[in-house]
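Participant: sequence unknown, structure follows:
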């Protein structure tokens with residue numbers, strides 16, 4: 001059990017910086033090139049307002065991170081299986097949060113940025129179903145904010161990668177917690193019957 005608790009704690013410690021990076025990446029999406037004028041004028045892509053990085057990959061991910069880190073603080077033997085069950089629930093919350101972040105970031109990439117073109121403010125790449133990502137020569141269609149395509153693509157791919165890492169970490173803890181929650185009581189029954 002000590003190994004599984006230590007493993008869970010290390011997973012929790014790995015989730016903390018990932019969650020903070022998700023929050024930071026999403027905040028940067030709200031302020032293209034560090035400017036506040038686009039958020040004030042409501043000129044941001046619609047999916048950015050779903051806060052995939054802040055909510056799903058960030059704040060929601062703090063629940064499993066804290067649960068994994070604090071796992072095993074109680075030394076009661078009968079309580080350890082219950083704590084592992086709690087870590088399974090926290091892992092499921094983490095899977096949902098990272099999944100939300102991944103889906104929203106993916107949809108934002110497919111939609112493309114909201115930018116000023118020669119035809120006014122629009123989504124010039126929305127009808128391309130993400131093919132614009134492989135055609136950087138058409139990115140200059142977006143005249144304002146300057147370099148918005150590169151900005152959004154970079155940050156959204158960062159969010160996709162972070163969400164994927166968070167998903168894998170929570171999936172690992174889900175397996176770890178399930179195995180320990182199921183097997184731990186059996187091990188105690190065997191030890192008790194051997195010692196009796």
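Facilitator: All right, it came through fine. Bear in mind the structure is a predicted one, so any value in this text is a computation, not a measurement.

Participant: So for residue 70, what pLDDT did the model give?
Facilitator: Looking at residue 70, its pLDDT is 89.

Participant: Tell me, how many residues neighbour it?
Facilitator: Residue 70 has 15 neighbouring residues, counting by other Cβ atoms under 10 Å. In this view, the C-beta of every residue, glycine as well, is placed from N, C-alpha and C.

Participant: What segments of the protein are helices?
Facilitator: Using DSSP state H, the helices of the chain run over residues 2-30, 37-40, 60-69, 77-111, 148-195.

Participant: of all these, which lies closest to residue 49?
Facilitator: The minimum distance between residue 49 and the helices of the chain falls on helix 2-30, with 8.7 Å, by Cβ to Cβ.

Participant: Centre of the chain to that closest one, how far?
Facilitator: Distance, stretch centre to chain centre, for helix 2-30: 9 Å (Cα atoms, centre = their mean, to the nearest Å).

Participant: now stretch 39-59
Facilitator: 14 Å.

Participant: Also stretch 152-171?
Facilitator: For stretch 152-171 - counting by Cα atoms, centre = their mean - the centre lies 6 Å from the chain centre.

Participant: Mean confidence (pLDDT) on it, please.
Facilitator: 98.

Participant: want to throw the helices of the chain into JSON lines with distance to residue 125 and mean neighbour count?
Facilitator: Shown next, in JSON lines, are those (distance: least, Cβ to Cβ, whole Å; neighbours: other Cβ atoms under 10 Å):
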{"stretch": "helix 2-30", "distance to residue 125": "16", "mean neighbour count": "19"}
{"stretch": "helix 37-40", "distance to residue 125": "17", "mean neighbour count": "13"}
{"stretch": "helix 60-69", "distance to residue 125": "29", "mean neighbour count": "22"}
{"stretch": "helix 77-111", "distance to residue 125": "8", "mean neighbour count": "20"}
{"stretch": "helix 148-195", "distance to residue 125": "8", "mean neighbour count": "17"}
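
Participant: Return the member of these having the minimum mean pLDDT.
Facilitator: helix 148-195 (a mean of 82).

Participant: Tabulate the helices of the chain (JSON lines), appending distance to residue 118.
Facilitator: Shown next, in JSON lines, are these (distance: least, Cβ to Cβ, whole Å):
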{"stretch": "helix 2-30", "distance to residue 118": "24"}
{"stretch": "helix 37-40", "distance to residue 118": "18"}
{"stretch": "helix 60-69", "distance to residue 118": "40"}
{"stretch": "helix 77-111", "distance to residue 118": "20"}
{"stretch": "helix 148-195", "distance to residue 118": "15"}
